[in-house]
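Chemist: My questions concern the predicted model and sequence given below.
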Amino acid sequence: MYASIFGLLANSAAILCVYRNPVLRNGFGLLCFSHSMANLGVMLVFLLWVTPMTILYRKNLWPNKHFVLECLCLFTPSDFFQSLSGLDFTPSGKRSIRYQKYAMCISLNPKVAREGFVFAGSECYIHYDATKWVFKFADTLCGSIISTYTDNYTSTTIMVVICMLDCNTLIKLRKSNNTLGTQKGNVSNYIQKKRRQNEIRFFTQTLYQNGLFLYELVSFYYVSALFTNKWAVFITATLSWEMCHAFDG
């Protein structure tokens with residue numbers, strides 16, 4: 001519960017910061033805003049659904065077990081926003097808002113459509129086990145497929161793409177800084193250096209967010225599988241997922 005409240009406050013502050021900061025009125029700022037909105041939705045699901053189920057020790061608070069999980073499907077594209085932040089970030093100082101809108105729609109719609117479709121069936125769903133404090137996929141063939149391919153492999157692929165984009169951006173930033181260092185000082189170079197400093201700060205923030213995503217991915221899928229104790233599984237799976245979205249703000 002406390003992690004959810006912290007996440008709501010942190011992501012709300014991030015949304016307000018992006019909205020009021022003129023420096024972030026670009027593609028990167030748009031991604032940060034969308035990403036924080038997705039995180040905010042995840043925190044609301046944890047606070048208003050997971051927490052009451054755990055406290056009341058109820059297996060389900062609603063007759064339709066798909067209801068709140070469909071809400072979660074609307075916020076799972078936050079990992080795609082994560083990869084797009086690396087795709088959008090280039091040391092050119094120019095980011096296209098129109099391009100960003102297209103990129104977000106391309107990445108968001110297939111994810112929502114695919115997961116919304118598979119979770120609509122009676123044998124394809126995720127449920128929260130209030131007795132063990134973990135989310136579980138349906139114990140069916142469809143549940144096994146979506147947990148392995150739609151969720152695990154997709155997230156791993158995104159993480160690989162993110163790492164490749166970050167390495168490419170780092171190389172470009174270093175080349176750009178070396179070029180500026182060899183030029184004589186003038187007003188134009190001063191402006192470029194200030195712009196480059198902002199881009200470095202943006203890139204540092206991107207690395208921080210990607211680090212959280214990597215931690216969540218490794219802990220949720222691989223570390224939690226090493227434990228059988230309920231508390232250990234809860235900390236490495238459910239809590240790590242929640243804290244990732246909370247600190248992401």
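Modeler: Cool, got the structure. Numbers count the residues shown, from 1 in each chain.
Chemist: Just after whichever helix or strand Leu31 is part of, pick out the following helix or strand.
Modeler: Under the criterion of DSSP states H and E, Leu31 resides in helix 27-45. Toward the C-terminus, helix 27-45 is succeeded by helix 51-56 as the next helix or strand (DSSP H and E).
Chemist: Any buried residues in that next one, and which?
Modeler: Using 16 or more other C-beta atoms under 10 Å as the test for burial, helix 51-56 gives Thr51, Met53, Thr54. Every C-beta, even on glycine, is put in place using the N, C-alpha and C of the backbone.
Chemist: Wait, the first one touches Tyr2, no?
Modeler: No - under the criterion of C-beta atoms under 8 Å, Thr51 lies out of contact with Tyr2, with a separation of 9.7 Å.
Chemist: and Thr148, how many neighbours?
Modeler: By other C-beta atoms under 10 Å, the residues close to Thr148 number 13.
Chemist: Take the buried residues of helix 51-56 and write them to JSON lines, including distance to Thr238 and pLDDT.
Modeler: Formatted as JSON lines, those follow (distance: C-beta to C-beta, whole Å; pLDDT from 0 to 100):
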{"residue": "Thr51", "distance to Thr238": "11", "pLDDT": "82"}
{"residue": "Met53", "distance to Thr238": "12", "pLDDT": "80"}
{"residue": "Thr54", "distance to Thr238": "9", "pLDDT": "80"}
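Chemist: Serialize these to a markdown table and add fields for distance to Ala130.
Modeler: Listed next are the buried residues of helix 51-56 as a markdown table, based on distance: C-beta to C-beta, whole Å:
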| residue | distance to Ala130 |
| --- | --- |
| Thr51 | 10 |
| Met53 | 4 |
| Thr54 | 5 |
